[in-house]
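1. Below are the sequence and a predicted model for it; my questions follow.
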Amino acid sequence: KAGVTQTPRYLIKTRGQQVTLSCSPISGHRSVSWYQQTPGQGLQFLFEYFSETQRNKGNFPGRFSGRQFSNSRSEMNVSTLELGDSALYLCASSPWLRVPSYEQYFGPGTRLTVT
Amino acid sequence: KQEVTQIPAALSVPEGENLVLNCSFTDSAIYNLQWFRQDPGKGLTSLLLIQSSQREQTSGRLNASLDKSSGRSTLYIAASQPGDSATYLCAVLTSEKLVFGKGTKLTVNP
């Protein structure tokens, strides 16, 4: 079974631009979550999608948004990029929501650099 | 608000040593606890998952325990090897999200 894939792997953008990141979950997984990882803050939860619906959202400004498609693939968008948005963005998938036996499987991440 | 703490933040040991990494969390209302490994600049690799009703899980040289009532978990690594060098993260699954600790950076010296 293929793992979680994220595209692109690396991205360099300029302040003020917008960016879209893509995540394809493991086949059959319906839950997709996004995390931002920075050296100072560690891993912080952005949002979670299940069956095309956002189930939870972390404490991030409205510039961060996402969506999930009917095939469970997910995209996240960051508008009006700031230098502080430079981070590793990780996507995780799971078969369902809140089942104790279900692991979260992570993709390799997208490294975003804002200059 | 769930908070996860990992101690120590960094650990350096000689090859062959057995070691323990610690993780504590503030709210016992969790679905499970996962230990992950992260190599520099890479994604997370799941090592072990302990469901909230379980006490421990083992995989090869790794053993993780969970004491939900005291809010503690430990990851025991036996006979450490240089290839074990990485950052180890623990995370608890709550009713809302996966909450991570800041990790323990492990260096195993040959």
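-> Everything's here; your move.
2. Could I get the contacting residues of A:Q68?
-> A:32, A:49-54, A:74 (Cβ atoms under 8 Å, 6 or more residues apart in numbering or on different chains). (Each C-beta comes from the backbone N, C-alpha and C, glycine too.)
3. which SS state does A:G84 fall under?
-> helix (DSSP: H, G, I helix; E, B strand; the rest coil).
4. list the contacts for it?
-> Per Cβ under 8 Å, 6+ apart, neighbours of A:G84: A:V114.
5. And stretch A:57-76, what's buried?
-> Neighbour-count burial for stretch A:57-76 flags A:57-58, A:60, A:64-66, A:68, A:72, A:74-76 (criterion: 16 or more other Cβ atoms under 10 Å in any protein chain shown).
6. backbone phi and psi for the closest residue to B:Q54 other than its chain neighbours, please?
-> In space, and not counting its chain neighbours, B:Q54 is closest to B:L66: 6.5 Å by Cβ to Cβ, 6 or more residues apart in numbering or on different chains. For B:L66, the backbone dihedrals (degrees, to the nearest 10) come out as phi -140, psi 130.
7. What subset of the contacts of A:Q68 is buried?
-> A:32, A:49-50, A:74.
8. Quick check: closest non-adjacent residue to the residue most central in space within chain A.
-> With distances taken as Cα atoms, centre = their mean, A:W34 lies nearest the centre of chain A, 3.0 Å away. The shortest distance from A:W34 to any non-neighbouring residue, by Cβ to Cβ, 6+ apart, is to A:L46 (4.1 Å).
9. which residues does the one you found contact?
-> A:33-36, A:57-58, A:60, A:64, A:66, A:76, A:89.
10. before we move on, what about A:T38?
-> Here A:T38 is in contact with A:44, A:86-88 (Cβ under 8 Å, 6+ apart).
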